[in-house]
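Engineer: any chance you could fold what I've pasted below:
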Amino acid sequence: MKNDNKSFVLVGATAVVPDLLYATGFDAPDPVAVVRRPDGRVLLVVNRMELGRARRQARGCEVASADTLGLPADRSPVATLAALLRREGVRAVAAPPSLPLGAAEALRKAGVAVRAAAGSPFAPARAVKTPDELRKISRAQAAARAAERALGRAIREAEVRADGVLLRGGRPFTSERARALVRETLLARGCMDLEGTIVAGGRQATDPHESGHGPLRANQWIVADIFPRDLRTGYWGDMTRTFLRGRPSPALRRLYDTVAEAQVLGLSLVKPGAIGAEVHRAVADFFKKCGYETGTDADGRAFGFFHGLGHGVGLEIHEEPRLSLRGGALEPGMVVTVEPGLYYPDLGGVRIEDTVVVTETGCRVL
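Structural biologist: Predicted coordinates:
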């Protein structure tokens, strides 16, 4: 964000506004507010119930509440924020477009002008992870890996009914039951699939964000995209594997092998100085050279490789940087997914995804 000497404000719950958690290290169930002053000072506004905990846990912040500002204890975080801004002599602030409309109106009524900022002052630092952040992401990623293994084992050990339906414990093994297994595995490791795990088989897997429903079947690709959030740290992991119980046809086998080759290519191109858009294009070109076209059918439904190659992972499941047509330069410490995929109605979908950190010479799978 361009430095225009305006204070930057954030309002909301830390689980919903990741910059709040990043700026303070303080996680709270109730809405809080943050002011980042042009000199780098960070002011955290909490309610009276959270004051003591915030003073102990928030890092590098000045903590305020209605009580510390001499206000009635029932003041809302926004009213308390307005009082804090008056104390600081602030008459104009910048805010992200996600600032609640009610908060913006309340600040304006209190005499504080609010302007939508083009970006966040925390964005550059958030894009490059510290060693501590890498450990937190790796913890979530380890939970995702354990869940993928548990799911793969369940698919491998499933019985196959005469009509191709997979059975587990004598009952159809459905996408819903598969997600329950994933959730149980993640919870045992202190994580939760807050956004919803994807376990989709056959034609359902041709929609990359279809969560999947109904019985899973043999001889079809089953896409399992697991992206857990660590309940203690707030950091995410992201991993996709594609399974098949039975024997793939030559066309299905070639589809999978091509995606696997594409991921190897993508991983080899992720390095310092690489441009995310160019990495994405290289994989898209590889698919085309292999004969896998991308386009839309008569109903406007996309097929082929029609999503970005990857995205950043941290306090958000999708954040900067990007391996897509709008991706910029990569730097050491950045964390991205590499997830090529191909999707065709007659073949199903295949996606393989790992989360990596950019190193000084290339990348390392977390």
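Engineer: in contact with the residue nearest to Ala146 when sequence neighbours are not counted, which residues?
Structural biologist: Using CB to CB, 6 or more residues apart in numbering and skipping residues adjacent in sequence, the residue nearest Ala146 is Thr185, 5.6 Å away. For glycine as for every other residue, the C-beta is placed from the backbone atoms N, C-alpha and C. Listed by CB atoms under 8 Å, 6 or more residues apart in numbering, the contact set of Thr185 reads 143, 146-147, 150.
Engineer: so where does the residue nearest to Ala95 when sequence neighbours are not counted fall, helix or strand?
Structural biologist: Leaving aside its chain neighbours, Ala95 sits nearest to Val9 (5.1 Å; criterion: CB to CB, 6+ apart). Here Val9 sits within strand 7-12, counting by DSSP states H and E.
Engineer: next one: that strand to chain centre, how far?
Structural biologist: 22 Å (CA atoms, centre = their mean, to the nearest Å).
Engineer: what packs against it?
Structural biologist: helix 18-24, strand 32-36, helix 77-88, strand 92-95 (3 or more CB pairs under 8 Å, 6 or more residues apart in numbering; DSSP states H and E).
Engineer: just to revisit the earlier point, in what helix or strand does the residue nearest to Ala146 lie?
Structural biologist: Going by DSSP H and E, Thr185 is in helix 175-187.
Engineer: what's downstream of that helix, the next helix or strand?
Structural biologist: Under the assignment DSSP H and E, the closest C-terminal helix or strand after helix 175-187 is strand 191-192.
Engineer: neighbouring strands of that following strand in the sheet, and parallel or not?
Structural biologist: Strand 191-192 pairs in its sheet with strand 229-230 (antiparallel), by DSSP bridges.
Engineer: these two touch, right, Arg86 and Ala110?
Structural biologist: Yes. Using CB atoms under 8 Å, Arg86 is in contact with Ala110, at 7.5 Å.
Engineer: if we can go back for a sec, any idea what the residue nearest to Ala95 is bridged to?
Structural biologist: The residues that Val9 bridges to, once DSSP bridges is applied, are Val35.
Engineer: hmm, who's touching the helix or strand encompassing Ala282?
Structural biologist: Using DSSP H and E, Ala282 sits within helix 276-289. Residues from elsewhere that reach helix 276-289, judged by CB under 8 Å, 6+ apart: 258, 261-262, 265-266, 269-270, 294, 304-305, 308-310, 321-330, 336, 340, 342.
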